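Undergrad: Need coordinates for the below:
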Amino acid sequence: MKLISTLTALAFSFGVNAVEPIYVGGTQYSYTEADFNAIHLDGNVIGYETEIDVLLDEYDEYLGGYPELIFDVSGHVVGTIGRLPMKVEMDVTCSGKDIGYDADLIINRRGQLTPARFSIYNRLTTEGQCKKLKLKIKKMDSSTSDTEATIDAFNVNLTIYLNLM
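TA: Got it, this is the predicted structure:
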């Protein structure tokens with residue numbers, strides 16, 4: 001019985017949307033809204049965010065230092081809009097260090113809603129400090145107060161490479 005209560009407590013400590021850690025090394029990870037937590041403002045959902053553990057950003061004796069990390073993040077957001085386009089942004093940080101930012105619009109083109117698309121590519125040395133990657137997707141500017149504008153679905157593809165050159 002003690003084992004069951006310990007396992008239950010452990011499961012709750014990881015949260016509802018626990019996401020498996022990212023291993024630095026070139027594997028592509030894909031995420032959807034099920035992997036994120038909602039961001040609320042005045043009772044309305046204005047975006048989503050998640051934090052993911054990053055493994056293997058470590059000192060490399062062969063290189064004699066910390067390797068440069070290459071971050072490649074892309075994604076798209078599908079939504080419902082009112083009369084105005086919806087401004088949507090993606091922000092990526094790792095343990096407080098800025099990785100990148102991109103923004104786009106969901107607009108109505110001749111009766112078809114076009115998704116917002118994001119692409120962030122950055123190379124930097126984090127000196128082993130990149131331990132928690134934070135992804136945030138949210139409405140921005142006047143779109144946050146537009147209750148007709150909603151983020152309906154999204155996906156994010158993420159790869160972190162080691163630059164060994």
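Undergrad: now the nearest residue to Pro67 once chain neighbours are set aside, what's its secondary structure?
TA: Distances taken as Cβ to Cβ, 6 or more residues apart in numbering place Leu162 nearest to Pro67, at 4.7 Å, with adjacent residues excluded. All C-beta atoms are positioned from the backbone trio N, CA, C, and that covers glycine. The three-state assignment at Leu162 reads strand, by DSSP: H, G, I helix; E, B strand; the rest coil.
Undergrad: just the strands in the protein please.
TA: With DSSP state E as the criterion, the chain has strands at 22-23, 28-32, 37-41, 44-55, 68-80, 86-94, 97-109, 112-114, 116-124, 132-139, 150-163.
Undergrad: export the fourth one as CSV, just CAs?
TA: What follows is the C-alpha trace of strand 44-55 in CSV, where atoms were taken according to Å, rounded to 0.1, in the frame of the first residue of the first chain:
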residue,chain,number,x,y,z
ASN,A,44,-9.7,33.3,-21.2
VAL,A,45,-7.0,31.0,-22.7
ILE,A,46,-4.5,33.2,-24.4
GLY,A,47,-1.7,30.7,-25.0
TYR,A,48,0.2,27.6,-23.9
GLU,A,49,3.5,26.8,-22.3
THR,A,50,5.6,23.9,-21.3
GLU,A,51,9.0,23.2,-19.6
ILE,A,52,11.1,20.3,-20.8
ASP,A,53,14.2,18.9,-19.1
VAL,A,54,17.3,19.0,-21.3
LEU,A,55,19.9,16.2,-20.9
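Undergrad: how about low-confidence regions in the chain?
TA: Screening the chain residue by residue with the criterion pLDDT under 70, one finds the ranges 1-18, 165.
Undergrad: for Glu51, what are its contacts?
TA: Shown in contact with Glu51 (Cβ atoms under 8 Å, 6 or more residues apart in numbering): Val19, Lys132, Leu133, Lys134.
Undergrad: bridging residues for Lys139?
TA: In this structure, Lys139 has the following beta-bridge partners (DSSP bridges): Val88.
Undergrad: got JSON lines for the strands of the chain, with distance to Tyr62 too?
TA: As requested, these are exported to JSON lines (distance: least, Cβ to Cβ, whole Å):
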{"stretch": "strand 22-23", "distance to Tyr62": "18"}
{"stretch": "strand 28-32", "distance to Tyr62": "25"}
{"stretch": "strand 37-41", "distance to Tyr62": "39"}
{"stretch": "strand 44-55", "distance to Tyr62": "18"}
{"stretch": "strand 68-80", "distance to Tyr62": "14"}
{"stretch": "strand 86-94", "distance to Tyr62": "23"}
{"stretch": "strand 97-109", "distance to Tyr62": "24"}
{"stretch": "strand 112-114", "distance to Tyr62": "46"}
{"stretch": "strand 116-124", "distance to Tyr62": "19"}
{"stretch": "strand 132-139", "distance to Tyr62": "25"}
{"stretch": "strand 150-163", "distance to Tyr62": "11"}
